[in-house]
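In: Next comes the sequence, and after it the predicted model I'd like to discuss.
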Amino acid sequence: MRASRIGLTLPALPGLTRTLILVAGSAGALSAPVQSASAQDVQAALEKANAYIEVAKNTERAVESWDRYASWVNMKIGPTGKERYISYGMYDLSDLDGALKEARAAAGKEPSTPKLDAAMTRYIDAYEALAPLMNRASAYYDREDYKDDKVVEGQALHKQLVPLATTFLAERDAMMPELRAFARDVEQQEVAAREKQQGRTAAWHAGNVLHHANRVIDLFPRQRPQPIDSDTLDEMITNLGPNSSGEAFDQIISGVVPPKDAVIDVTRYGEALEHYAKAVEAFDGFSGESPEEFDELKPLPRKLLVLLQDFYGPLKQSGGHEFEGGGHKVVQITEVYFELFNEGNGIWGSQLRFLP
């Protein structure tokens, strides 16, 4: 069975496509002074962000379904019935009517985010146009109807699916950076509101460190790798030889083409890293009452800081591009980040839902 991309992958750099998985990130604004917001305003922002995040998370299934389809079909000619992996078909999609209606309603509520609201509305429109057809195709391949009708319906479905999926993916690419930037701003408001209500408690320090760590992770590119169709993959396997590069083997195993031109903005990375370093310094200096779980969290913020700083030097030298040994460094950053996230969020208890 061939390898295929099932699930979300966050590339760090062009050749490191599979190293940073399921991290919330965007190219949103760096930390900035937060204007005082009432508890009611912060709650409204959280509710809006969460409604949008739920839609973004649950509709990811359509992206995965399309990637599965693209892994075995020739997009230019459509299905022929002779494909080796035609039984892969497509994934079926769950009923999301409630979540979609909630997100549509949120678009008309405060806080006003015109660009995001418009992008989310277009995205929902694109998803609602695609989802029924995708479910129809999923059922068609599950029943193996292509064996009976000689792929007549499969061809008809393909011609309808391609433009709808293209629009859906384009709208998702346009919407996600706006949503991530908004989610990060809401997170920042939540941290400020907690400080105003309770002071700089252990929970606040955990949330503050997480927020600023997220600001750094946000700057890692998130271009989506493209599945390699089965014919191309078979050709790549046939062409393998003793002199083939390690990258060729990696690409075959992954089943995807790494995104091109994935670059980290070195200046913004440095600025975000500086803010994170200050948050870590404050965290390390905290001596107030703390929960039992705090001991597990204590070493992680600085451990991540050291890794991010170690990554920064060669990143500057490369101008934000891939560099030798960068893949290993990203793996380390990823592992420690998730340790920090899991331990820190248990103490912080954010109301903001996680955006993969």
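Out: Yep, that arrived. Every value quoted in this text rests on a predicted model; they were computed, and no experiment measured them. Numbers count the residues shown, from 1 in each chain.

In: Would you mark the buried spots in stretch 338-356?
Out: 339-341, 343-345, 347-348, 350, 352, 355 (16 or more other CB atoms under 10 Å). Quick note: C-beta positions are derived from backbone N, CA and C, even for glycine.

In: Need those in JSON lines (columns: pLDDT and distance to H275).
Out: Putting the buried residues of stretch 338-356 into JSON lines (pLDDT from 0 to 100; distance: CB to CB, whole Å) gives the following:
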{"residue": "E339", "pLDDT": "97", "distance to H275": "21"}
{"residue": "L340", "pLDDT": "98", "distance to H275": "16"}
{"residue": "F341", "pLDDT": "96", "distance to H275": "17"}
{"residue": "E343", "pLDDT": "96", "distance to H275": "21"}
{"residue": "G344", "pLDDT": "97", "distance to H275": "16"}
{"residue": "N345", "pLDDT": "95", "distance to H275": "19"}
{"residue": "I347", "pLDDT": "96", "distance to H275": "20"}
{"residue": "W348", "pLDDT": "96", "distance to H275": "17"}
{"residue": "S350", "pLDDT": "96", "distance to H275": "18"}
{"residue": "L352", "pLDDT": "97", "distance to H275": "19"}
{"residue": "L355", "pLDDT": "86", "distance to H275": "20"}
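
In: Restricted to helices, list those.
Out: With DSSP state H as the criterion, helices contain 339-341, 343-345, 347-348 from among those.

In: between those residues, which is nearest L304?
Out: Taking CB to CB as the measure, L304 lies nearest L340 of these, at 5.5 Å.

In: Touching, that closest one and P301? I think so.
Out: Yes: in terms of CB atoms under 8 Å, L340 counts as a neighbour of P301; the distance is 6.4 Å.

In: intersection of neighbour lists for the two?
Out: Both L340 and P301 are contacted by 209, 213, under the criterion CB atoms under 8 Å, 6 or more residues apart in numbering.

In: so A56 makes contact with M175?
Out: Yes: in this structure, A56 sits in contact with M175. The criterion is CB under 8 Å, and the distance is 7.4 Å.

In: okay, these two: which has more neighbours?
Out: The residue with the greater number of neighbours, taking A56 and M175 and applying other CB atoms under 10 Å, is M175; the counts read 24 against 20.

In: Next, the contact list for that one, please.
Out: Contacts of M175 by CB under 8 Å, 6+ apart are 56, 116, 119-120, 122-123.

In: Let me see the ranges of the strands in the protein.
Out: Counting by DSSP state E, one finds strands in the chain at the ranges 226-227, 256-257.

In: circling back to that earlier point, quick check, nearest of the contacts of M175 to F283?
Out: For those, the residue nearest F283 by CB to CB is A56; the value is 29.7 Å.

In: Tell me how far that closest one lies from E296.
Out: Counting by CB to CB, to the nearest Å, the gap from A56 to E296 is 30 Å.

In: dump the residue contacts of the closest residue to R122 other than its chain neighbours.
Out: Of all residues not flanking R122 in the chain, E171 sits nearest, at 5.1 Å (CB to CB, 6 or more residues apart in numbering). Contacts for E171 (CB under 8 Å, 6+ apart) come out as 119, 122-123, 125-126.

In: likewise E144?
Out: Taking CB under 8 Å, 6+ apart, we find E144 in contact with S87.

In: Could you report the pLDDT at it?
Out: What the model reports as pLDDT for E144 is 97.

In: which one among the buried residues of stretch 338-356 gets closest to Y69?
Out: Distance from Y69 was checked for each of the buried residues of stretch 338-356 by CB to CB. The minimum falls on L355, at 25.0 Å.

In: does that closest one really touch A181, like I thought?
Out: No: the pair formed by L355 and A181 falls short of the contact definition of CB under 8 Å, at 11.0 Å.

In: Find me whatever residue is spatially closest to G346, sequence neighbours aside.
Out: Of all residues not flanking G346 in the chain, E293 sits nearest, at 5.9 Å (CB to CB, 6+ apart).

In: in the stretch 201-350 of the chain, what spans have low per-residue confidence?
Out: Along the stretch 201-350 of the chain, the parts satisfying pLDDT under 70 run over 223-231, 233-234, 246-261.

In: Helices of that one, residue ranges please.
Out: Remark: helices assigned in the stretch 201-350 of the chain by DSSP state H, counting those that start in this stretch are 202-217, 230-238, 246-254, 266-284, 294-297, 300-318, 326-348.

In: Go through those and pick out the most buried.
Out: Across the helices of the stretch 201-350 of the chain, averaging neighbours per residue (mean count of other CB atoms under 10 Å) puts helix 202-217 on top, at a mean of 24.
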